[in-house]
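Peer 1: The following comprises the amino acid sequence and a computationally predicted model.
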Amino acid sequence: SAASDVYKRQLEPYTFIWSNSVTILLYNTLSKKAFLAKNNEMLAPIILALENKRNLYSVLVDENKLQYQTVKDFISILRDSYSGDCVSLELCKNKPMVMYPSLNFNEDMNREIEFVKSQETLGRKILNNLISIDIYLGGTCSYTCDYCDTKYKQIRWCKSNKETLPYDKLHGLLSEISTLNSISVNFFGEIFTYPYINELLTELSSCLFNKKFILDYKYSLDHERKIAHLINSGGNIGLLIGDTERLNQLAALPFLHDKNLECIFSVEGESEFSFLANFISMHNLENVFIYPYFNGTNQDFFRKNIFQDKDDILVEELDKREIFMRQTLNSNFFGKLTVLSNGDILPNVNANSIGNIDHGIKNLIYKEIAEGSYWLQTRNKIEPCKNCLYRVLCSPISNYEIAMGKMDLCNVSRVGQTEPQTTE
């Protein structure tokens, strides 16, 4: 019968599919594995139909197409990876309902934005999008680090500031977020030269959010007793270690191994990394973070240690939610605000101000979600990534891309125009 000449190919709802003219990429979020297959003119229309949401992840295929090797290979990969199947229409009279994996973030966000536009005030729900705030208290800086104007634009770091953040403005911000127990607030600067430090510490004692003071390690050496007192009273401290000139003194700090203290190193090359790794191991440091810093000349260090290969991208294990997030928002940037000592608020340290601390945090969160270009900056939207097969599986854009002026920190051939290796 005519019906037996038609087969139905379907994908499972936990499978994602992307393609270009030569390669098909399947990602199974149950097994958390990626599978590559060859694409060609015979297979391409079938794949495009599967990619179309309206087809609910199933498509009818004529039996004569099943004789072609690329079609057979694709079906084999579908079946072997438990990502889909191809069945005779005789066995399955109705086209099955396979729900295309869809995302409710956008709808929720659009609904929220519409709600906000229809109300005069912003509901508290908008604050649920907040993850962290970095606050530069300002005031004088005792040190003259040569990376002062650049490092903070790549990694969370201190910087010198001309102004001091007025306490009435800071108090207004803190009172707006004081009951949010899931966010982190980081204070940068030489805290004991901040003129309102006593008022700040008193106010922070009743705030529910996670708080941390992040400062240059040399400052902790020069104010050891005060920092020790802060740690003993439950304060969390991050020490920024961007040079090695006083590491011997650091090693002798009595509170170096306290659970409330973390050491944050920046590295610019292989030899420095080896030296720091040795130092960390020799002194049994546990609460440690190491971040590369692009100084303008160490491209090779980044190419070797930061750039991703195709295999690095494909081997990362992602669930359905993570893939949706990468299609919609930038998890490196989303929900993170920076407050400068002049009161300006930025959605990213590399961005222009979206307003001032006086404007209220809810309004600025809404503004960045509705109009901004950082929190929702995905690889789908930028050159050259938006044409790349692996754009959704690739890790989100970070401040390193911005610092290097290069959005594709990878060694993936452009648009996947290489013959793929079919992987199991």
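Peer 2: Structure received.

Peer 1: Now for the protein, the helix or strand with the poorest mean pLDDT.
Peer 2: Within the chain, judged by mean pLDDT, DSSP states H and E, the helix or strand with the poorest mean is helix 105-118; its value is a mean of 52.

Peer 1: What lies in contact with the helix or strand following that one?
Peer 2: Where DSSP states H and E defines the elements, the next helix or strand beyond helix 105-118 is strand 132-136. Outside strand 132-136, the residues that touch it by Cβ atoms under 8 Å, 6 or more residues apart in numbering are 156, 158-159, 161, 165, 170, 173, 177, 183-189, 335-341, 349. Any C-beta I mention is one placed from the backbone N, CA and C, and that applies to glycine too.

Peer 1: Could you tell me which of those residues belong to strands?
Peer 2: Among these, the residues falling in strands (DSSP state E) are 184-188, 336-339.

Peer 1: from the residues you listed, which two are the most distant?
Peer 2: Greatest spacing in those, by Cβ to Cβ: Phe187 and Lys336 (14.9 Å).

Peer 1: which of the residues in stretch 42-49 are buried?
Peer 2: For stretch 42-49, a neighbour-count test (16 or more other Cβ atoms under 10 Å) marks 43-44, 46-47, 49 as buried.

Peer 1: Got the phi and psi for the spatially closest residue to Ile183 that is not a sequence neighbour?
Peer 2: Leaving aside its sequence neighbours, Ile183 sits nearest to Phe209 (Cβ to Cβ, 6 or more residues apart in numbering; 4.9 Å). Note on Phe209: its backbone torsions stand at phi -70, psi 160 [degrees, to the nearest 10].

Peer 1: show me the contacts for Phe209.
Peer 2: Phe209 makes contacts with 177-178, 180-185, as judged by Cβ under 8 Å, 6+ apart.

Peer 1: Now for Arg79, how many residues are close by?
Peer 2: Residues near Arg79, counting by other Cβ atoms under 10 Å, number 12.

Peer 1: That one contacts Lys72, doesn't it?
Peer 2: No: under the criterion of Cβ atoms under 8 Å, Arg79 makes no contact with Lys72, lying 10.7 Å away.

Peer 1: So Tyr217 versus Phe209, what's the distance?
Peer 2: Tyr217 is 25 Å from Phe209, where distance means Cβ to Cβ, to the nearest Å.

Peer 1: Can you tell me which of the ones in strands among the contacts of strand 132-136 is closest to Phe35?
Peer 2: Closest to Phe35 out of the ones in strands among the contacts of strand 132-136 is Lys336 (34.0 Å), distances taken as Cβ to Cβ.

Peer 1: burial count for that closest one?
Peer 2: Applying other Cβ under 10 Å, we find 22 residues neighbouring Lys336.

Peer 1: number of nearby residues for the residue lying closest to Ser341 once chain neighbours are set aside?
Peer 2: Distances taken as Cβ to Cβ, 6+ apart put Gly138 closest to Ser341, at 2.8 Å, once the chain neighbours are dropped. Using other Cβ under 10 Å, Gly138 has 24 neighbouring residues.

Peer 1: Gly138 reaches Asp344, doesn't it?
Peer 2: No: using Cβ under 8 Å, Gly138 makes no contact with Asp344, being 11.6 Å away.

Peer 1: Lys8 - that's part of a strand, no?
Peer 2: Yes: Lys8: assigned to a strand according to DSSP: H, G, I helix; E, B strand; the rest coil.

Peer 1: Tell me how far it lies from Ile46.
Peer 2: Distance, Lys8 to Ile46, using Cβ to Cβ: 11 Å.

Peer 1: same question, Thr338
Peer 2: Note on Thr338: its distance to Ile46, by Cβ to Cβ, is 47 Å.

Peer 1: before we move on, the earlier item: which residues do Arg79 and Lys72 both contact?
Peer 2: Counting by Cβ under 8 Å, 6+ apart, nothing touches both Arg79 and Lys72.

Peer 1: quick one: the helices in the stretch 201-350 of the chain?
Peer 2: Along the stretch 201-350 of the chain, counting by DSSP state H, counting those that start in this stretch, helices occupy 217-222, 224-232, 247-251, 270-282, 299-305, 310-315, 320-328.
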